[in-house]
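Task: produce atomic coordinates for the following.
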Amino acid sequence: MRGPIERFFPNLSHGQRVVLDWVLTIVGAVTIVIGVKAWIVNPYRIPTSSMEPTLHCARPGDACEASSSDRILANRFIYHFRDPRRGEIVVFNAPAAAARECISGIFVKRIIGLPGEQWSERRGVTYINGRRLSEPYIRPGRRDHDTKTLLDIPPAGKLERIPAGMYLMEGDNRKRSCDSRVWGLVPRKNIIGKVFLTYWPLNRIGIP
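You can find the predicted model right below:
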């Protein structure tokens with residue numbers, strides 16, 4: 001039985017068919033990889049200590065606790081089917097204000113405040129709508145004891161509740177995280193995906 005290349009290109013020599021077969025295979029593989037990265041799953045590396053110790057960055061980086069950075073996978077399609085939820089670690093494109101205050105690019109943080117909520121932090125403790133939020137992922141000594149409310153973050157003096165379609169993001173290592181408390185809220189359209197797996201190094205494989 002003739003293969004598809006022989007049927008569609010009957011005049012090619014055997015050598016030409018082999019070359020064409022390899023070319024189509026490579027193009028197909030590259031297309032699949034690009035499609036997966038663009039719409040399904042994408043890998044990322046943890047560059048800073050803002051999520052320590054939940055996600056490690058590599059020494060000698062400032063306050064990093066591991067010899068190599070964690071590599072993570074983000075689910076890029078889940079938020080097409082549901083809204084982001086509090087406590088989920090997400091990958092997102094940082095707002096323009098982040099570039100002025102720290103760096104630009106892609107950030108990894110945890111969702112703390114949801115649309116319509118009031119948020120504040122007093123003596124390192126987070127409150128949502130006036131009620132203390134349980135945050136077991138924050139280790140002792142990593143809280144930021146400055147008092148902050150929505151009135152303290154950009155746009156200063158204008159927000160009492162998180163607007164629709166906006167999210168408040170923070171790192172687990174509050175003392176060393178440049179996050180929404182500094183540069184403001186994150187639009188939903190900036191959220192790339194939900195982190196669902198640490199895949200490297202091998203001794204760190206698991207769900208963060």
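
Quick check, central residue of this protein?
Val91 (1.3 Å; C-alpha atoms, centre = their mean).

Can you tell me who that one pairs with across the strands?
Counting by DSSP bridges, Val91 forms beta bridges with Val108, Gly193.

can you map out the helices along the chain?
4-8, 14-39, 96-101, 180-183 (DSSP state H).

Go through those helices and find the least confident stretch.
Per-stretch mean pLDDT for the helices of the chain is lowest at helix 14-39 (a mean of 51).

where does the chain dip in pLDDT?
Scanning the chain for pLDDT under 70 picks out 1-40.

Break down it into its strands, ranges please.
41-45, 71-75, 89-93, 106-113, 119-122, 125-128, 131-132, 148-149, 166-170, 186-187, 191-200 (DSSP state E).

Please convert those to a markdown table, extending it with distance to Cys57.
For every residue, glycine as well, the C-beta is placed using N, CA and C. Listed next are these as a markdown table, based on distance: least, C-beta to C-beta, whole Å:
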| stretch | distance to Cys57 |
| --- | --- |
| strand 41-45 | 9 |
| strand 71-75 | 11 |
| strand 89-93 | 14 |
| strand 106-113 | 10 |
| strand 119-122 | 23 |
| strand 125-128 | 23 |
| strand 131-132 | 29 |
| strand 148-149 | 25 |
| strand 166-170 | 17 |
| strand 186-187 | 21 |
| strand 191-200 | 12 |
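
The residue nearest to the centre of the chain contacts Asn190, correct?
No - counting by C-beta atoms under 8 Å, Val91 does not reach Asn190; the two are 9.9 Å apart.

isn't Ser50 right up against Gly171?
Yes - using C-beta under 8 Å, Ser50 is in contact with Gly171, at 3.4 Å.

between those two, who's got more neighbours?
Gly171 (28 against 25; other C-beta atoms under 10 Å).

before we move on, back to that, identify whichever of the strands of the chain lies nearest to Arg142.
strand 166-170 (11.3 Å; C-beta to C-beta).

mind listing what the closest one pairs with, with the direction of each?
Going by DSSP bridges, the partners of strand 166-170 are strand 106-113 (antiparallel), strand 186-187 (antiparallel).

Same list (these) but as a markdown table, adding distance to Arg142 and mean neighbour count.
As requested, the strands paired with strand 166-170 are exported to a markdown table (distance: least, C-beta to C-beta, whole Å; neighbours: other C-beta atoms under 10 Å):
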| stretch | distance to Arg142 | mean neighbour count |
| --- | --- | --- |
| strand 106-113 | 13 | 23 |
| strand 186-187 | 21 | 20 |
